[in-house]
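> Sharing a model prediction with you, sequence too.
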Amino acid sequence: MYDFTEKQGNPVDFMLKALALSDECGNVRTLVAQINRNHATIISTATQDQLETYRVLLSRAEAASEAERIYGSGSQLKLSHPHIRQLIMSGLLDLRQTMGSTVPALNLAS
């Protein structure tokens, strides 16, 4: 298996950067999916500083997920964010599908 740590650095740092980008642009669906997929790895391998950062992002994800349950799926997307605009223009993010879907739930049991 390829060891990406030589090129990407610490895997937890990489995961936290991805989480932070999803949080920054209001992409709750991706944020929750990333947390659900990487929670066990982050909890078991992160440094104390990384865990502190993760706890903040996790708290923000919980709040954003709750807001989407109240206001609807996709309601937290920052449509003017360059990353979201790029995802829409490339076809990787379909707003109609996002707005009509079920709000994802955090599932930290692993």
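All right, it came through fine.
> Show me the helices in this protein, by range?
Along the chain, the stretches classed as helices by DSSP state H are 5-8, 11-24, 28-45, 48-71, 82-90, 95-99.
> And the second one, what's buried?
In terms of neighbour count (16 or more other CB atoms under 10 Å), helix 11-24 has its buried residues at 11-12, 15-16, 19, 22-23. (Each C-beta comes from the backbone N, C-alpha and C, glycine too.)
> One more: the fifth one?
Along helix 82-90, these residues count as buried under the neighbour rule (16+ other CB under 10 Å): 84, 87.
> Show the contacting residues for the spatially most central residue of the chain.
What sits nearest the mean C-alpha location of the chain, by CA atoms, centre = their mean, is Leu31, with 1.7 Å. Contacts for Leu31 (CB atoms under 8 Å, 6 or more residues apart in numbering) come out as 19, 22-23, 57, 61, 64.
> Then Arg60?
Asp23.
> any idea how far it lies from Pro11?
Note on Arg60: its distance to Pro11, by CB to CB, to the nearest Å, is 21 Å.
> Ile43 now?
Applying CB to CB to Ile43 and Pro11 gives a distance of 13 Å.
> Same check on Ser44?
With CB to CB as the criterion, Ser44 and Pro11 are 12 Å apart.
> go on, Val103?
To Pro11, Val103 is 28 Å away according to CB to CB.
> now Ser75
Ser75 is 31 Å from Pro11, by CB to CB.
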